[in-house]
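K.L.:
Let me see the structure of the following:
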Amino acid sequence: MKSNTHISVIVPVFNEEKLITACLDALSKQTRQPDTIYIVDNNSTDTTVRIAQKYKHVVIIKESVQGICAAAKTGLDEAALNDGILLRCDADSRPPYDWLEKVEATFNGSSEIIAVTGPGVPYGVPKLLKTLFGFFYMKPYFVFVGLALGNTPLFGSNFAIRAETWRAVSSETHLATHQDIHDDIDISYHIRDFGRTFYDPSLQMPISARPFRSLPKMIVRYKIGFKSIFIHWPEQAPWKRR
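P.N.:
Below is the predicted model of the structure:
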């Protein structure tokens with residue numbers, strides 16, 4: 001029996017011709033098919049868009065302001081024109097075959113849940129590195145960012161949010177004005193008052209290890225993370241939010 005819930009997937013892209021095929025192949029094989037896949041073209045100059053246009057359910061939208069925050073917001077805004085569930089992953093993600101099905105079931109299980117998220121797991125690396133990634137990056141992210149937020153943070157390559165919740169917070173986020181913050185942390189700050197964010201450790205998203213192979217790039221990620229938190233202070237400092 002077909003679900004009446006409209007499910008949209010938002011994928012920001014910038015020159016992802018080497019990775020977008022695997023992502024869209026994974027989305028096309030879902031046990032619960034997406035109703036729409038929004039590919040947000042963030043000024044790509046390669047064949048990314050041409051590749052994406054070959055897939056069913058794909059809609060291409062453009063965002064000229066360079067940056068993941070602007071691209072993510074544009075995609076979420078467009079998708080939220082339909083009621084339902086908005087899911088976010090990246091072009092280097094490879095969603096498990098039951099990703100959409102599990103997310104939909106979680107939302108259907110409780111009206112209090114307004115967002116769902118899970119961890120990322122790098123693919124194409126030895127098992128030891130996967131373990132270290134989880135221990136030194138994913139777990140600290142959810143623990144320490146969660147402490148700063150006073151609620152469960154979203155993970156940008158693997159989260160879903162109700163359309164009505166996004167419509168309520170879209171204009172309050174910093175995504176249109178700041179391209180040097182993490183969009184997932186910023187959104188996490190603004191959705192807290194609308195309900196519960198559910199963290200599902202079994203909702204694992206295979207992601208590329210490319211952002212984590214360079215120490216300088218990791219340092220930049222941490223700096224951006226701190227800015228994503230401090231930009232909300234002092235009004236939303238953790239001692240006030242708690």
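
K.L.:
Now stretch 231-242: buried residues?
P.N.:
231-232, 236 (16 or more other C-beta atoms under 10 Å). The C-beta positions use only the backbone N, C-alpha and C, and glycine is treated the same way.

K.L.:
One more: stretch 43-53?
P.N.:
44, 48-49, 51-52.

K.L.:
Out of the residues you listed, the closest to residue 21 would be?
P.N.:
Nearest to residue 21 out of the buried residues of stretch 43-53 is residue 51 (C-beta to C-beta; 6.0 Å).

K.L.:
Can you check the pLDDT for the nearest residue to that closest one once chain neighbours are set aside?
P.N.:
Among residues not flanking residue 51 along the chain, residue 20 sits closest, at 5.5 Å (C-beta to C-beta, 6 or more residues apart in numbering). Residue 20 is assigned 98 on the pLDDT scale.

K.L.:
Ok, the one 10 residues further on next?
P.N.:
Turning to residue 30, the model gives it a pLDDT of 98.

K.L.:
my guess is it contacts residue 98, does it?
P.N.:
Yes: the pair residue 30 / residue 98 is scored as a contact, 7.4 Å apart, by C-beta atoms under 8 Å.

K.L.:
In contact with residue 18, which residues?
P.N.:
Residues counted as contacts of residue 18 (C-beta atoms under 8 Å, 6 or more residues apart in numbering): none.

K.L.:
repeat for residue 74
P.N.:
40, 61, 63.

K.L.:
and the closest residue to residue 208 other than its chain neighbours, what does it touch?
P.N.:
Nearest residue to residue 208, sequence neighbours excluded (C-beta to C-beta, 6+ apart): residue 92, at 3.6 Å. By C-beta under 8 Å, 6+ apart, residue 92 lies in contact with 16, 19, 23, 157, 207-208, 210.
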